[in-house]
Each structure stands twice: as C-alpha cells, then as structure tokens.
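> just need the structure, nothing else, for what follows:
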Amino acid sequence: MSVALLAMFVGFGAVIGVLFGFFGMGGSFLVTPALLVMGYPTRVAVGSGLAFVFGTSVIGALRHRSLGQVDYKLAALMTLSVTAGIEVGKNSVLALEALGLADAVVSVAYVGLLGVVGAFVVYDSWVSGSGDESDDADDADDEKADGLFTGIHLPPMVSLTGGPTVSVWVIFAVGLVVGVLAGFLGVGGGFLLMPAMMYGFGVPAAVAVGTDILQITVSGGVGSFLYAQSGGVDLSIVVPLLAGSALGARLGSAATKLVDEDGIKGYFGLMLLGGAVAVGLRQVGTATGIDFLNTASFVLIVGSALFVSGAIALQSVRAMRTRDGGAAVSTR
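Numbers count the residues shown, from 1 in each chain. Next comes the predicted model:
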C-alpha cells in the first residue's frame, strides 16, 4: 500500500471517528460503499467494513456503560437476533458473488436503504426544527414516545429502560431484519437500530445510543470473524482506518457537550443521501463505462463525510466562543 493511500485511510478513519463519537454510529455505511467505489471486491468491502465497525464500537460501548446508558436486556435480545440475521446476509452475499451479481445487488440495496433512511432523518430534522408547539405536534410526540410496536402484546413481554414494555418476539423480529441487512451490506446496523429502538420501542435517545453501540460491538465482531474466515477482511485497510478513528472519536464525543444535536441531524441525513447518490453514480458509471461518474462518486461520498464532520467542528468552535464570551461578560 502506498503512503498516499495509507494517509488517506487514516484521514478518512478520523473523519468517520468524529461522526461516530457524535452520532454513536459505527460509520461502515460510509466505509463499505467507499471501498466499493475504490474498486475493492464486494466481500472485502463488506468484511472490512464490519471489522472497522467492531473496532470503533468498543471504546464507545465502554463510555456509554460508564454513563449508565445501556439496556442489557435489550442488547442481549438484539444481539441474538442480529447475529442470526448476519449469517443469513453473509451467505446471501457469497451466493450472489458466485453468480457475479453481488456488486450490483449490494450497490442497489445501498442506494435504496441510505436514501430512505437519509430522507427520513432530514424530514425529522426539519419537523423538529420547525418549532411547532401545537396540540397536534404534542400528540405526535406522545405517540412517537410510546413506540410503534409497544401496542403489540405477544407474551413474553420485557420492560425496557425508560418505561416501555415490548414483546420479546417483536424485538427478535426487528433484530433479525436488521441483522440480515447488516450481513448483506456490511453495516453495523447503527443507523437502523437507533430509529428502531427510539421510534419502534419508545426507548430514550441516550439509552438507544448506548445499547446500540454495545450491540454493534458484538455483531460487528461476529460479522467480521465470519468474513475473515472466507478472506473478506483486509487488515491493511482496517488498521489505518482504526488508527484515524481513535482520535476522531474523542473529538466527536467532546463535541456532543458543545453542539445541539437536533441542530445538526439534517446534516447527517444529507450525508446518508450523499452516500446513496454516490453509490448510484458508481453503479451507472460501471454499467456505462463512464469513468467520470466513478470519480464523481468517490468525491461525493468522501465530501459528504468531510462536510458533516466540518459542520460539527465549526458549530463546536462557535459554541465554545459563545460560552467563553458569556463567561467573560458575567465576570465584569
């Protein structure tokens, strides 16, 4: 591996580390498509993405555990179902790879999944930032707090941190679906599990983040181990990414104390949409033989990550200046 490529992986890992520390998500939804855009085989892109997820999640899980933001019952149930789903997803990738269809199918699935989730996050950010305090908005918030699946009463039921009671079968079903997607696309499932816990189960946001990261640590480790057995993990990619993310994650975690997370959710949604467009451009470029589209795809996916991490850093600096300015005024 050249020095330039090594430096690029370290820098990219640092950017994703900032996003992970701030949003509590592993970042493989950027790593895997980026590796696909760079021309790595699908198996290597997916397996290395899962290995990166495992490494970035360990530190985050320990930090949230110390803050008491982990629901161990929910994490255990989700881990069992997600792990089963990952095996199904991995076998699907290997079967498609044997047919020569893996790259196309995974890319199309990425476009659809990132596009839908990104659009939802942007919409949710827009609604949250509208400042509508009408009775209808309050009713919608109450409904969302209850959870979409809390009305399903299929014993046994389990009480989760924050008050909601959810059927064990519902938790298993959601975890299985997320696991299949995680194993198929090479993602830790963070950007899927968090909405599922918050909107589906009614779990508080802080607990959803901590529980999500703990589950990702386990599923990411299992997923990367399964792919490593079939030669799908490239340590020359994973190690420099992890080296960069170790620093970036600290910066991102510090930023959560300075920045209003609701004010930047829209940027995160736009980043997901950028990833969807990037993978779509690459697929079209590969099918048509237009090299420019492949280049534009890579620039877009890296640019999306740089844009959002830069926005986090900028708002952190502004918050620090505002805080320091207020402190100076109060001392006069």
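> just the pLDDT for the residue nearest to residue 82 when sequence neighbours are not counted.
Counting by C-beta to C-beta, 6 or more residues apart in numbering, residue 82 lies nearest to residue 179, which is 3.7 Å off, once chain neighbours are set aside. Yep, even glycine has a C-beta here, placed from its N, CA and C like the rest. Predicted confidence (pLDDT) for residue 179: 81.
> chain center to the helix or strand hosting residue 179: distance?
Per DSSP states H and E: residue 179 is located in helix 168-185. With C-alpha atoms, centre = their mean, to the nearest Å as the basis, helix 168-185 stands 15 Å off its chain's centre.
> can you show me the helices along the stretch 1-150 of the chain?
Secondary structure of the stretch 1-150 of the chain, counting by DSSP state H, counting those that start in this stretch: helices at 3-23, 28-37, 42-66, 72-99, 102-129, 135-146.
> check the secondary structure at the nearest residue to residue 54 once chain neighbours are set aside for me.
Ranked by C-beta to C-beta, 6+ apart and with sequence neighbours excluded, the top spatial neighbour of residue 54 is residue 220, at 3.6 Å. Secondary structure, DSSP: H, G, I helix; E, B strand; the rest coil: residue 220 is helix.
> and residue 220, what's its pLDDT?
pLDDT recorded at residue 220 is 72.
> make 20 the first number, not 1, from now on.
All set: I'll call the first residue 20, so the last point we hit is now residue 239.
> what about it, how many residues nearby?
30 (other C-beta atoms under 10 Å).
> separation between it and residue 233?
For residue 239, the distance to residue 233 equals 11 Å [C-beta to C-beta, to the nearest Å].
> any shared contact partners between the two?
Common neighbours of residue 239 and residue 233, using C-beta atoms under 8 Å, 6 or more residues apart in numbering, are residue 76.
> helix or strand right after the worst-scoring helix or strand of the chain on mean pLDDT?
None of the helices or strands of the chain scores lower by mean pLDDT, DSSP states H and E than helix 154-165, at a mean of 47. Using DSSP H and E, the helix or strand that follows helix 154-165 in sequence is strand 176-178.
> sheet partners, orientation included, of that following strand?
Looking at strand 176-178 with DSSP bridges, its partner strands are strand 184-186 (antiparallel).
> buried residues in the strand it pairs with?
185, 186 (16 or more other C-beta atoms under 10 Å).
> next one: stretch 85-104
Buried, per 16+ other C-beta under 10 Å, within stretch 85-104: 88-90, 93-94, 96-104.
> tell me how many other residues surround the residue lying closest to residue 52 once chain neighbours are set aside.
Excluding the flanking residues, the one nearest residue 52 by C-beta to C-beta, 6+ apart is residue 298, at 4.7 Å. Neighbour count for residue 298, taken as other C-beta under 10 Å: 28.
> my read: residue 166 touches residue 223, true?
No. In this structure residue 166 lies outside contact range of residue 223 using C-beta atoms under 8 Å: 11.1 Å.
> below-threshold pLDDT in the stretch 20-169 of the chain: ranges please.
20, 43-48, 78-79, 82-83, 86, 147-165 (pLDDT under 70).
> for the record, mean pLDDT for whatever helix or strand residue 334 lives in?
Secondary structure assignment for residue 334, by DSSP H and E: helix 310-349. For helix 310-349, mean pLDDT is 77.
> next one: that helix to chain centre, how far?
The chain centroid and the centroid of helix 310-349 are separated by 18 Å, computed with C-alpha atoms, centre = their mean.
> for stretch 77-95, same thing?
Distance, centroid of stretch 77-95 to centroid of chain: 16 Å (C-alpha atoms, centre = their mean).
> and that stretch, how far apart are its ends?
Its first and final residues considered, stretch 77-95 spans 16 Å by C-alpha to C-alpha, to the nearest Å.
> ok, and what's touching it?
39-40, 43, 177, 179-180, 190, 216, 220, 222, 225-226, 228-230, 232-237, 265, 268, 272.
> checking residue 250 next. Helix, strand or coil?
Residue 250 ends up coil, using three-state DSSP.
> residues contacting the nearest residue to it once chain neighbours are set aside?
Leaving aside its chain neighbours, residue 250 sits nearest to residue 62 (7.3 Å; criterion: C-beta to C-beta, 6+ apart). Residue 62 makes contact with 112, 113, 116, 121, 246, 249, 250, 251, according to C-beta under 8 Å, 6+ apart.
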